[in-house]
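1. Sequence and predicted model, in that order:
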Amino acid sequence: MSDRPAPGAPENRQPSTLAIHAGEDELTTRAPVVPPVVQSATFVWADPADGPLLYTRYGNNPNQVQLARKMAALEGMEASVPLASGMAAVAMTLLALTEAGDHVVASSRLYGATHALLTTELPRRGVTATLVDPVGDWEAAVRPETRVLYLELPTNPTIRVVDPRPVVRLARQRGLTVVCDATFASPINFRAADHGLDVAVQSATKYLGGHSDLIAGVVSGPREVTERVGEMARLYGPALDPHTAWLLDRGIRTLDVRMERHNRNALEIARRMEGAPGVRGVVYPGLPSHPDHALAAELFRGFGGMIALVLEGGGDAADRFVRRLRLAVAAPSLGGVETLVSQPRHTSHHALSATEREALGIPDGFVRISVGLEDPEDLLADFAQALEG
């Protein structure tokens, strides 16, 4: 049997192929088809003549390196850095791109921990932030000391879709870096690089891993940026464990087919829940009633697996609904094969007042649903019996 070269990641390969084969080492006779777990903290290394220092905290364990190559190919970026959580990816990116005295302009529609990082933690390090309506005037918030524009696509948890093109044009005019957290979309539904965004951040805990059994994050972008992110990671220490890197690679291999089912299930459930008794509104970009439906149809390959129900009766009704679920699981995460349901007022946005949440589009009664891969009829039956309560 002859050896064959690694499949690699040519630009013309499709996402489903890249998710399986990109980043692999050369395949030789009797080589394992599945890359093995290299569960080692350190490697034989005597002096600089032996090449780059191999040390897992440095991010150059073979599992980390292979995963980084795969993610760069999947995102269409020059390089990637896998890290120990999605928030590690967000934090290391912002630390890499700013220093004391700098300024960030960010969308006001953000994941709760990202909001806290920008408004509470980074100011302790001399970095300030201005939050703007994502469909508002970004340019008015830019200062001479601004370095980064930051947005989410779609937004967490309100599932709004922001047009990134005006933000990118502004960044090019002012020499700024645009960072996009595209966790809700995944690289299957939306590739940041295809729309001129400089850096893509993913909470790999979610759709990339896909099975609710790991915590990880990935930063992808120009090599100059990812090298600086890597430097921050070596200092702060959020290295990705080799076995978790292996699990994440395994999850990514089925990402394309899973996203197809997430997209299909969520669209079916969103359509059927509109007008259901006890439901005041359904938030899903795939519905014509969604304010960003046309934009989402233009930007995305699929509308995603995230929907939100706004229940009549407010918070009390939402509490009863969640507690009555028998198939869907009440849990504060998303992107797994199982359907997960949560209330942002109790989880990601609990630190905000009801008035602040309402202003962000998260009224009491807002229930976020990460639609899984179950049969949609079974999920609809579960939601119907929970609403009857």
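-> Nice, I can see it. Residues are numbered from 1 along each chain as shown.
2. Quick one: the helices in the protein, in order.
-> Remark: helices assigned in the chain by DSSP state H are 15-21, 62-75, 86-97, 112-116, 122-124, 164-174, 186-189, 223-236, 242-252, 255-273, 293-299, 314-324, 354-359, 376-388.
3. which one of those has the lowest average pLDDT?
-> Ranked by mean pLDDT, the helices of the chain end with helix 354-359 at the bottom, a mean of 86.
4. Please save the CA atoms from it in CSV.
-> What follows is helix 354-359, C-alpha atoms only, in CSV (Å, rounded to 0.1, in the frame of the first residue of the first chain):
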residue,chain,number,x,y,z
ALA,A,354,-35.5,44.2,34.4
THR,A,355,-35.5,47.7,32.8
GLU,A,356,-32.0,47.2,31.4
ARG,A,357,-32.9,43.8,30.0
GLU,A,358,-36.1,45.1,28.5
ALA,A,359,-34.1,47.8,26.7
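5. Can you list the buried residues in that helix?
-> Buried residues in helix 354-359, counting neighbours by 16 or more other CB atoms under 10 Å, are found at residue 357. All C-beta atoms are positioned from the backbone trio N, CA, C, and that covers glycine.
6. Would you mind giving the helices of the chain as a markdown table with distance to residue 135 added?
-> Formatted as a markdown table, the helices of the chain follow (distance: least, CB to CB, whole Å):
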| stretch | distance to residue 135 |
| --- | --- |
| helix 15-21 | 28 |
| helix 62-75 | 25 |
| helix 86-97 | 22 |
| helix 112-116 | 18 |
| helix 122-124 | 24 |
| helix 164-174 | 9 |
| helix 186-189 | 20 |
| helix 223-236 | 26 |
| helix 242-252 | 32 |
| helix 255-273 | 22 |
| helix 293-299 | 10 |
| helix 314-324 | 26 |
| helix 354-359 | 14 |
| helix 376-388 | 30 |
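7. Can you get me the centre-to-centre distance for stretch 321-334 and its chain?
-> Chain-centre distance of stretch 321-334: 21 Å, with CA atoms, centre = their mean, to the nearest Å.
8. Give me the distance between residue 277 and residue 369.
-> Distance, residue 277 to residue 369, by CB to CB, to the nearest Å: 17 Å.
9. Between these two, tell me which one has more neighbours.
-> Just comparing residue 277 and residue 369: by other CB atoms under 10 Å the higher neighbour count belongs to residue 369, 26 against 8.
10. What's the separation between the more buried one and residue 78?
-> For residue 369, the distance to residue 78 equals 36 Å [CB to CB].
11. Could you report the neighbour count for the closest residue to residue 283 other than its chain neighbours?
-> Nearest non-adjacent residue to residue 283, counting by CB to CB, 6 or more residues apart in numbering: residue 308, 4.0 Å away. Counted with other CB under 10 Å, the neighbours of residue 308 add up to 19.
12. in terms of contact, does residue 366 touch residue 347 like I think?
-> No. Taking contacts as CB atoms under 8 Å, residue 366 lies outside contact range of residue 347: 11.3 Å.
13. Looking at those two, which is more packed in?
-> residue 366 (26 against 14).
14. Bridge partners for the more buried one, pull those for me.
-> Residue 366 has these beta-bridge partners by DSSP bridges: residue 310.
15. Tell me which of the helices of the chain sits nearest to residue 207.
-> Closest to residue 207 of these, according to CB to CB: helix 186-189, at 4.1 Å.
16. what separates the closest one from the chain centre, distance-wise?
-> Helix 186-189 sits 9 Å away from the centroid of its parent chain (CA atoms, centre = their mean).
17. Could you do stretch 282-299 as well?
-> The answer for stretch 282-299 is 19 Å, by CA atoms, centre = their mean.
18. Tell me how many other residues surround residue 169.
-> There are 14 residues near residue 169, going by other CB under 10 Å.
19. cool, and the one 4 residues further on?
-> When counting by other CB under 10 Å, one arrives at 10 neighbours for residue 173.
20. Over to residue 385?
-> 13.
21. try residue 84
-> 20.
22. cool, residue 380 as well?
-> Residues near residue 380, counting by other CB under 10 Å: 15.
23. mind listing what's buried in stretch 24-33?
-> Neighbour counts over stretch 24-33 (16+ other CB under 10 Å) mark residue 24 as buried.
24. Kindly report the same for stretch 339-350.
-> Buried residues in stretch 339-350, counted by 16+ other CB under 10 Å: 339, 340, 341, 342, 343, 344, 345, 348, 349.
25. can you redo these as CSV with distance to residue 63?
-> Below are the buried residues of stretch 339-350 laid out as CSV (distance: CB to CB, whole Å):
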residue, distance to residue 63
339, 30
340, 27
341, 33
342, 31
343, 36
344, 34
345, 38
348, 30
349, 35
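26. Let me know the closest of those residues to residue 272.
-> Nearest member of those to residue 272, counting by CB to CB, is residue 339, at 14.2 Å.
27. Per-residue pLDDT of residue 54, please?
-> We have a pLDDT of 88 for residue 54.
28. I meant to write residue 8 there.
-> We have a pLDDT of 47 for residue 8.
29. ditto for the one 5 residues further on
-> Looking at residue 13, its pLDDT stands at 90.
30. quick one, what contacts it?
-> Going by CB atoms under 8 Å, 6 or more residues apart in numbering, residue 13 touches 21, 22, 73.
31. if I pick the last one, what's in contact with it?
-> Yep, that's residue 73 we're talking about. Residue 73 makes contacts with 9, 13, 18, 22, 23, as judged by CB under 8 Å, 6+ apart.
32. What is the most widely separated pair among the residues you listed?
-> 13 and 23 (11.9 Å).
33. got the contacts of residue 13 as CSV, with distance to residue 212 columns?
-> Formatted as CSV, those follow (distance: CB to CB, whole Å):
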residue, distance to residue 212
21, 25
22, 24
73, 25
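34. and which of the contacts of residue 73 is nearest to residue 235?
-> Distance to residue 235 across the contacts of residue 73 (CB to CB) is lowest for residue 23, with 25.6 Å.
35. Just confirm the closest one contacts residue 66, I think it does.
-> Yes. Counting by CB under 8 Å, residue 23 does reach residue 66; the two are 4.9 Å apart.
36. which residue packs closest to residue 98, ignoring adjacent ones?
-> Nearest-residue entry for residue 98: residue 127, 4.7 Å, with adjacent residues in sequence omitted and distances by CB to CB, 6+ apart.
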